[in-house]
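**Student:** I would like to see how this sequence folds:
(chains A and B)
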2 protein chains.
Amino acid sequence: MRKPKVVVLGAGYGGLMTVTRLQKAVGVSEAEITLVNKNDYHYETTWLHEASAGTLHHDRCRYDIKSVINASRVNFVQDTVVSINKDEQKIVLENGELDYDYLVISLGSHPETFGIKGLKEFAFSISNINSSRQLREHIEYQFATYNTEKPRRDERLTIVVGGAGFTGIEFLGELANRVPELCREYDIDAKKVRIVCVEAAPTALPGFDPELVDYAVNHLQRKGVEFKIGTAIKEATETGIVVAKDEQVEEISAETVVWAAGVRGNSIVEEAGFENMRGRVKVNADLRVPGFENVFIIGDCSLIINEEINRPYPPTAQIAMQQGETAAKNLSALIRGGELTEFKPDIKGTVASLGEDDAVGVAFGKKMVGSKASFMKKMIDNRSLFMVGGPGLVLKKGKFKFF
Amino acid sequence: MRKPKVVVLGAGYGGLMTVTRLQKAVGVSEAEITLVNKNDYHYETTWLHEASAGTLHHDRCRYDIKSVINASRVNFVQDTVVSINKDEQKIVLENGELDYDYLVISLGSHPETFGIKGLKEFAFSISNINSSRQLREHIEYQFATYNTEKPRRDERLTIVVGGAGFTGIEFLGELANRVPELCREYDIDAKKVRIVCVEAAPTALPGFDPELVDYAVNHLQRKGVEFKIGTAIKEATETGIVVAKDEQVEEISAETVVWAAGVRGNSIVEEAGFENMRGRVKVNADLRVPGFENVFIIGDCSLIINEEINRPYPPTAQIAMQQGETAAKNLSALIRGGELTEFKPDIKGTVASLGEDDAVGVAFGKKMVGSKASFMKKMIDNRSLFMVGGPGLVLKKGKFKFF
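**Tutor:** Numbers count the residues shown, from 1 in each chain, chains lettered A, B, ... in the order given. Coordinates of the predicted model:
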């Protein structure tokens, strides 16, 4: 009897969790497992705001995929997925093809620019290792250039962050700590620097408790961040952005515009022809795609409704990892025979960092701020390492500067 | 009796040496000494190739002027010189005016682009702290951006250095060491990187012994540097440079072009109306300007003929510092009465660095290469610190990683 072929696309939180669990759950004679990923490394998406601001080296945010997979059980293919042919059960890669009996799609998200003009061309994003280190270097280059010009152009020192959601706020927290370092490095008067956060929603950190939102906004304002809440970005241009609030239009000159206001599912999922909303597929309770008994979609390309509020769960690392665990269980049930289990998110908490030593959030049902929240945030970060790579990976890549 | 006012313009090698010697030579009641400098720091011009390549932090290449001058003897003014009015004995600064009885002009050099089109707009220079850290960041930004684009643009990884003279060769030596680090940092295949040195003269390091030139060129070629000797840069453009050799024209696409092929005297010296050649004034043997008994010009703005070969001495830190010593002596003779002494350069040697651990040069009449020359180079670097700031400054800023 031919061994079934399991193909997992993407080694983000969901995909890597699926593979590391599956390699323990099924024997080498039971299935042929293949993991496909563009890079030979996994990166911690939730840490990229630090790499982007330059407060944590990007190498601290990634690790070799080979260091966490069992090479005798899993075949790792470093390649980029071009398309999914769901009818012929084939994956087209840039450098080859794969066919599958079972497929796990965990390709992650892309920035969602909501059709706002110029964002794709002129805004930076905090999406992956490449974009983060480019953003870090871009900001540093502006500071490095400032004193070489006459007249000096203050817009080099203006950074606009589009979005005061989770990523936006965490990035601002790091940036507020990084800017004084950059000012020292390049002999720049800190008063010349302007950090502006533009958020279209009526509040920063939508979904957070208002008390925590106030704490976060006050903390960042004290460090010099200007907030423009209820203000929409109308356009990004070569020289900055155009924003509008209640019909009042304003132009902000800025050499750095960062778009951190939303993600959408992967375009490959759309192109594959699955029913989707902006690249996200509403999956069954067992995480399979309706109508496709052998295709799982997990992570940012999947859509799960939170029945309590009748809205989708936000795409988070926490959910992606839990989905990976369920996907591995269900794959092993399909391979060996057995009951499939339903996915139930278990939201342990949400903590947004405000820099090295401060944070706001809820964990185990308790609101917390300050160094306690910051400690909890680092524990959460370490936990994702632990879940994939055990204590060894925590020791290698973990965050231990607690106080 | 009014104390004579001594004004020293510029705190480079020559100016700072003048002031640190003069503050010991004359008493506080004998003269009022004022030092004017654009920045509150002195930088080691001869180390800037390291800061520019990113192999030495620019803060290691500079120190506070106040740490080496005696505040009770010297009045330090941080300001930029706008013009010299030699007839009224006045200095116009951006934020004020000064008048003098004795003047020392030690304003240093500017890059000389020989009218080559586009160099001023599109080429970087290794001239000061600002330009060096900008160049370092520019190169790093190209590496950071390379993997974020599709298709990748190899010209981001092409660096053209115009000039294989002293600065060009020293910069290439650092760059050849820095590039492998950048490739690791940004996941770039080192084979994609191209470093091209273009030199119009028929040899690299003109004036050096041919055996030393061969050693240097071979060393750099082994590390991947391409040399185009006897080749002139015709034009720098937004996308690279145009070069020509024997009527054969070639375009090289490069995001980074560095002009390291020559310097000229300061334009303020020209505008002051002293007889000059490209901003350099042929001074008397006592370093005074012909026709001006109270004006000394030293360093890169001065021109001294080497009688042995009937050509000017090249503008070096070594000569500037020796001139500073003579200027201080002669100023003190003018103030107190006494004989002025003639300046006689004492060329102790010339060593060009080829990176952290290699060099070529002549010291105390002996040719040397490799780690011996590299050691000598570091001793020369430490010596300039010692001459200005004594052992304390050497300990603080010196180079001690000898092997």
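**Student:** tell me the contacts of the closest residue to A:K245 other than its chain neighbours?
**Tutor:** Computed as C-beta to C-beta, 6 or more residues apart in numbering or on different chains, the closest residue to A:K245 that is not its neighbour in sequence is A:T231, at 4.2 Å. All C-beta atoms are positioned from the backbone trio N, CA, C, and that covers glycine. Residues in contact with A:T231 (C-beta atoms under 8 Å, 6 or more residues apart in numbering or on different chains) are A:198-200, A:243-245.
**Student:** same check on A:G230?
**Tutor:** A:G230 neighbours (C-beta under 8 Å, 6+ apart): A:199-202, A:245.
**Student:** kindly recompute the last result at 6 Å.
**Tutor:** When contacts are counted by C-beta atoms under 6 Å, 6 or more residues apart in numbering or on different chains, A:G230 touches A:202, A:245.
**Student:** just the pLDDT for A:F402.
**Tutor:** A:F402 is assigned 65 on the pLDDT scale.
**Student:** where exactly do the helices run in the stretch 101-250 of chain A?
**Tutor:** Here the stretch 101-250 of chain A has its helices, by DSSP state H, counting those that start in this stretch, at A:119-122, A:129-146, A:166-185, A:210-222.
**Student:** so which of the ones you listed is nearest chain B?
**Tutor:** Chain B lies closest to helix A:129-146 among the helices of the stretch 101-250 of chain A, at 3.8 Å (C-beta to the nearest C-beta).
**Student:** off-centre distance for the closest one?
**Tutor:** How far helix A:129-146 lies from its chain's middle: 20 Å, per C-alpha atoms, centre = their mean, to the nearest Å.
**Student:** what's the average pLDDT for that helix?
**Tutor:** 97.
**Student:** for that helix, give me every contacting residue.
**Tutor:** So helix A:129-146 is contacted by A:43, A:48, A:51-52, A:54, A:58, A:62, A:124-126, A:152, A:156, A:182, A:186, A:188, A:255-256, B:133-134, B:137, B:140-141, B:144-145, B:147-148 (C-beta under 6 Å, 6+ apart).
**Student:** so for chain A, the centremost residue is which one?
**Tutor:** In chain A, the C-alpha nearest the mean C-alpha coordinate belongs to A:T45, at 4.0 Å (C-alpha atoms, centre = their mean).
**Student:** give me the pLDDT value at that residue.
**Tutor:** For A:T45, pLDDT reads 95.
**Student:** same deal with the one 4 residues further on?
**Tutor:** For A:H49, the model assigns a pLDDT of 97.
**Student:** what does the one 4 residues further on give?
**Tutor:** Note on A:A53: pLDDT of 97.
**Student:** returning to that earlier point: pull out the buried residues from the contacts of helix A:129-146.
**Tutor:** A:43, A:48, A:51-52, A:54, A:58, A:62, A:124-126, A:156, A:182, A:186, A:188, A:255-256, B:133-134, B:137, B:140-141, B:144-145, B:147-148 (16 or more other C-beta atoms under 10 Å in any protein chain shown).
**Student:** and the contacts of A:T231, which are buried?
**Tutor:** For the contacts of A:T231, buried by 16+ other C-beta under 10 Å: A:198-200, A:243.
**Student:** can you tell me which of those residues end up in strands?
**Tutor:** A:198-199, A:243 (DSSP state E).
**Student:** which of those sits closest to chain B?
**Tutor:** A:V198 (23.4 Å).
**Student:** how close does whatever residue of the stretch 151-300 of chain A ends up closest to chain B get to B:T148?
**Tutor:** Of all residues in the stretch 151-300 of chain A, A:Y186 sits closest to chain B, at 6.6 Å by C-beta to the nearest C-beta. For A:Y186, the distance to B:T148 under the criterion C-beta to C-beta, to the nearest Å works out to 23 Å.
**Student:** and for A:A176?
**Tutor:** 25 Å.
**Student:** from the chain's centre, how far out does stretch A:228-248 sit?
**Tutor:** Offset of stretch A:228-248 from its chain centre (C-alpha atoms, centre = their mean): 25 Å.
**Student:** ok, the closest residue to A:L287 other than its chain neighbours - contacts?
**Tutor:** Counting by C-beta to C-beta, 6+ apart, A:L287 lies nearest to A:F296, which is 4.9 Å off, once chain neighbours are set aside. Contacts for A:F296 (C-beta under 6 Å, 6+ apart) come out as A:104, A:287-288, A:327.
**Student:** and the longest helix for chain A?
**Tutor:** helix A:370-397 (DSSP state H).
**Student:** name the helices or strands packed onto the helix or strand in which A:I319 is found?
**Tutor:** According to DSSP states H and E, A:I319 maps onto helix A:317-336. Here helix A:317-336 touches helix A:13-25, going by 3 or more C-beta pairs under 6 Å, 6 or more residues apart in numbering or on different chains; DSSP states H and E.
**Student:** what lines up beside the helix or strand following the helix it packs on in the sheet?
**Tutor:** Remark: after helix A:13-25, the chain's next helix or strand is strand A:32-37, criterion DSSP H and E. When sheet partners are counted by DSSP bridges, strand A:32-37 sits next to strand A:5-9 (parallel), strand A:74-78 (parallel).
**Student:** who in the stretch 101-250 of chain A is up against chain B?
**Tutor:** Proximity of the stretch 101-250 of chain A to chain B, by C-beta under 6 Å from any C-beta of the partner chain, involves residues A:130-131, A:133-134, A:137, A:140-141, A:144-145, A:147-148.
**Student:** nearest to A:T350, of the residues you listed?
**Tutor:** Nearest to A:T350 among those: A:S131, at 23.7 Å, using C-beta to C-beta.
**Student:** can you give me the buried ones in stretch A:295-304?
**Tutor:** Those buried within stretch A:295-304 under the rule 16+ other C-beta under 10 Å are A:295-304.
**Student:** ok so, going back, now neighbour count, distance to B:G10 and pLDDT too, for the contacts of A:F296, in JSON lines please.
**Tutor:** Supplementary listing: these in JSON lines, determined by neighbours: other C-beta atoms under 10 Å in any protein chain shown; distance: C-beta to C-beta, whole Å; pLDDT from 0 to 100:
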{"residue": "A:V104", "neighbour count": "31", "distance to B:G10": "67", "pLDDT": "98"}
{"residue": "A:L287", "neighbour count": "26", "distance to B:G10": "71", "pLDDT": "98"}
{"residue": "A:R288", "neighbour count": "20", "distance to B:G10": "75", "pLDDT": "98"}
{"residue": "A:A327", "neighbour count": "31", "distance to B:G10": "69", "pLDDT": "98"}
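**Student:** and the helices of the stretch 101-250 of chain A as CSV, adding distance to B:D346?
**Tutor:** What follows is the helices of the stretch 101-250 of chain A, written out as CSV (distance: least, C-beta to C-beta, whole Å):
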stretch, distance to B:D346
helix A:119-122, 57
helix A:129-146, 38
helix A:166-185, 38
helix A:210-222, 59
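**Student:** which one, of those helices, ends up nearest to A:T18?
**Tutor:** That would be, of these and by C-beta to C-beta, helix A:129-146, which comes in at 21.3 Å.
**Student:** now the closest one and helix B:129-146, what's the angle there?
**Tutor:** Helix A:129-146 runs at 160 degrees relative to helix B:129-146, counting by axes from the mean of the first three to the mean of the last three C-alpha atoms, to 10 degrees.
**Student:** dump helix A:129-146 to CSV, restricted to CA.
**Tutor:** The C-alpha coordinates for helix A:129-146 follow below in CSV (Å, rounded to 0.1, in the frame of the first residue of the first chain):
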residue,chain,number,x,y,z
ILE,A,129,12.5,39.5,7.8
ASN,A,130,13.3,41.2,4.5
SER,A,131,10.8,44.0,4.9
SER,A,132,11.6,44.5,8.6
ARG,A,133,15.4,44.9,8.1
GLN,A,134,14.8,47.1,5.1
LEU,A,135,12.5,49.4,7.2
ARG,A,136,15.1,49.5,10.0
GLU,A,137,17.8,50.5,7.6
HIS,A,138,15.6,53.0,5.8
ILE,A,139,14.9,54.8,9.1
GLU,A,140,18.6,54.7,10.0
TYR,A,141,19.5,56.0,6.6
GLN,A,142,17.2,59.0,7.0
PHE,A,143,18.9,59.9,10.3
ALA,A,144,22.4,59.3,8.8
THR,A,145,21.5,61.7,5.9
TYR,A,146,19.9,64.5,7.9
